[in-house]
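Trainee: could you look at this predicted model? Sequence included:
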Amino acid sequence: MEESISIKQVLISAGIALGFIAVLVVAILALDLLKSGNSKIAGASTTPAEVDDMAGMHAPPPPADNTKFQSLLGSPAPLFKLQSYDGREVDLASFKGKNVVLFFSEGAMCAPSCWDQINAFTKDSGFSKENTVVLVVVVDSKADWDGVVREDPKIASATVLLDSDRKVSESYGVLTVDSSMHRGQFPGHTYVVVDRDGVIRYEKDDPDMRINNKELLTNISKLNK
């Protein structure tokens, strides 16, 4: 009888010991996994490249520089040839004898402000009455503008020129003006009026991104007198 009790006590003690060991092993494994996971998370969030990217996302835009844009007033307009959205080659030189409004905008990214201005141009007969053509210059690709037309079909009637390599926008100095929210990459909301002799007679950069038809037509009518 005493021997039986002794065996039971041994078995109970052994079971308790094994249970304690099992709990200890599980705790150690869990701690190792937790440390490993934290190490991976910490490593992923602090790599130099990603820190730089995050800093770039939150960095303020570089200061505006209107020098080049403003210096063009009274000078011959830089000539260019660009593909239009509808597949035509548009040559600025071919409009000699007409006034030309160049509207540089952020394009696909600039809804609704830029889109509203583009649509306002197409609906306004005042420009044709003043012997004036309106050319919209964007730095988007054709695929980008396909998306704009799907969303706003009436905008397809505008003459939209695709300055995808930004060379024309850069030559007019509109990538760094006050209205540009992504300076160096996109224009903002900027107008250039070229007279019948190919000379820039009026410029306007509008950070407020309003519809400026009335002001443009007032200045164009002065050129026609």
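Mentor: Perfect, I can see it now. Numbering: from 1, shown residues only.

Trainee: apart from its neighbours in sequence, what residue is nearest residue 70?
Mentor: With CB to CB, 6 or more residues apart in numbering as the measure, residue 203 is the residue that lies nearest to residue 70, at 7.0 Å, once sequence neighbours are left out. Placement of C-beta: from N, CA and C, glycine included.

Trainee: and the stretch of helix or strand that neighbour belongs to, what does it pack against?
Mentor: Per DSSP states H and E, residue 203 falls inside strand 200-205. Using 3 or more CB pairs under 8 Å, 6 or more residues apart in numbering; DSSP states H and E, the elements in contact with strand 200-205 are helix 67-71, strand 189-194, helix 213-223.

Trainee: between the ones you listed, which one is nearest to residue 110?
Mentor: Go through these one by one with CB to CB and the one that ends up closest to residue 110 is strand 189-194, at 7.4 Å.

Trainee: buried residues in the closest one?
Mentor: 189, 190, 191, 192, 193, 194 (16 or more other CB atoms under 10 Å).

Trainee: got the contact list for the last one?
Mentor: Residue 194 makes contact with 77, 92, 95, 99, 100, 101, 102, 200, 201, according to CB atoms under 8 Å, 6 or more residues apart in numbering.

Trainee: as CSV, the residues you listed with secondary structure, neighbour count and distance to residue 132 would be great.
Mentor: As requested, those are arranged in CSV below (DSSP: H, G, I helix; E, B strand; the rest coil; neighbours: other CB atoms under 10 Å; distance: CB to CB, whole Å):
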residue, secondary structure, neighbour count, distance to residue 132
77, coil, 22, 14
92, helix, 19, 14
95, helix, 17, 9
99, strand, 24, 4
100, strand, 20, 7
101, strand, 23, 6
102, strand, 24, 11
200, strand, 21, 14
201, strand, 18, 12
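
Trainee: in CSV, list those residues along with pLDDT.
Mentor: As requested, the contacts of residue 194 are exported to CSV (pLDDT from 0 to 100):
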residue, pLDDT
77, 98
92, 99
95, 98
99, 98
100, 99
101, 99
102, 99
200, 98
201, 98
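
Trainee: how about JSON lines for these, with distance to residue 178 added?
Mentor: Below are those laid out as JSON lines (distance: CB to CB, whole Å):
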{"residue": "77", "distance to residue 178": "21"}
{"residue": "92", "distance to residue 178": "25"}
{"residue": "95", "distance to residue 178": "28"}
{"residue": "99", "distance to residue 178": "25"}
{"residue": "100", "distance to residue 178": "23"}
{"residue": "101", "distance to residue 178": "19"}
{"residue": "102", "distance to residue 178": "17"}
{"residue": "200", "distance to residue 178": "18"}
{"residue": "201", "distance to residue 178": "21"}
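
Trainee: out of those residues, which is nearest to residue 154?
Mentor: For residue 154, the closest of the contacts of residue 194 turns out to be residue 101, at 18.8 Å, with distances computed as CB to CB.

Trainee: need the nearest residue in space to that closest one, chain neighbours excluded.
Mentor: The shortest distance from residue 101 to any residue other than its chain neighbours is 4.5 Å, reached at residue 134 (CB to CB, 6+ apart).
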